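Trainee: Take a look and give me a structure for this.
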Amino acid sequence: MPAVVKRKDDHIKVRQFLTDAKGHKMAAVIDIDELKRLETVMDLIPSPEQWLYKNKKALESVQRGLKQAAKGKVTKLNLSEL
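Mentor: All right, here's what the predicted structure looks like:
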């Protein structure tokens, strides 16, 4: 995986978060310029992979798996058992 240098300006600036009664973030309010930046970033992601970033449950599962793999918590998958 290539190393990427992140600058503070690279992050999308959220003006306000909209929350439910329990305080869970439900949506974000951003400026139109930030929306254009976000669209540009999404255009850089190959279309076969964009679905993952739109599916929060699947993205969290992938991130959890990557963290487990980084800690060495992996097992060999036997395809004939599937």
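
Trainee: distance between the helix or strand bottoming out on mean pLDDT in the chain and the chain's centre?
Mentor: Lowest mean confidence among the helices and strands of the chain (mean pLDDT, DSSP states H and E): helix 32-44, at a mean of 77. Counting by Cα atoms, centre = their mean, to the nearest Å, helix 32-44 is centred 14 Å from the centre of its parent chain.

Trainee: Point out where the chain drops to low pLDDT.
Mentor: 1-10 (pLDDT under 70).

Trainee: And the strands in it, which stretches?
Mentor: Taking DSSP state E, the strands of the chain run over residues 14-19, 25-30.

Trainee: And the residue nearest the centre of the chain?
Mentor: Tyr53 (5.2 Å; Cα atoms, centre = their mean).

Trainee: from memory it sits against Ser47, does it?
Mentor: No: when contacts are counted by Cβ atoms under 8 Å, Tyr53 is not listed as touching Ser47 (11.3 Å). Yep, even glycine has a C-beta here, placed from its N, CA and C like the rest.

Trainee: which residue sits farthest out from the middle of this structure?
Mentor: Outermost residue of the chain (Cα atoms, centre = their mean): Ser80, 31.9 Å.

Trainee: which non-adjacent residue is nearest Arg37?
Mentor: Ile12 (6.5 Å; Cβ to Cβ, 6 or more residues apart in numbering).

Trainee: So the one you found is in contact with Lys36, correct?
Mentor: No: between Ile12 and Lys36 there is no contact under Cβ under 8 Å: 10.6 Å.

Trainee: Make TSV out of the strands of the chain and add mean neighbour count and distance to Gly72.
Mentor: Formatted as TSV, those follow (neighbours: other Cβ atoms under 10 Å; distance: least, Cβ to Cβ, whole Å):
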stretch	mean neighbour count	distance to Gly72
strand 14-19	10	35
strand 25-30	11	33
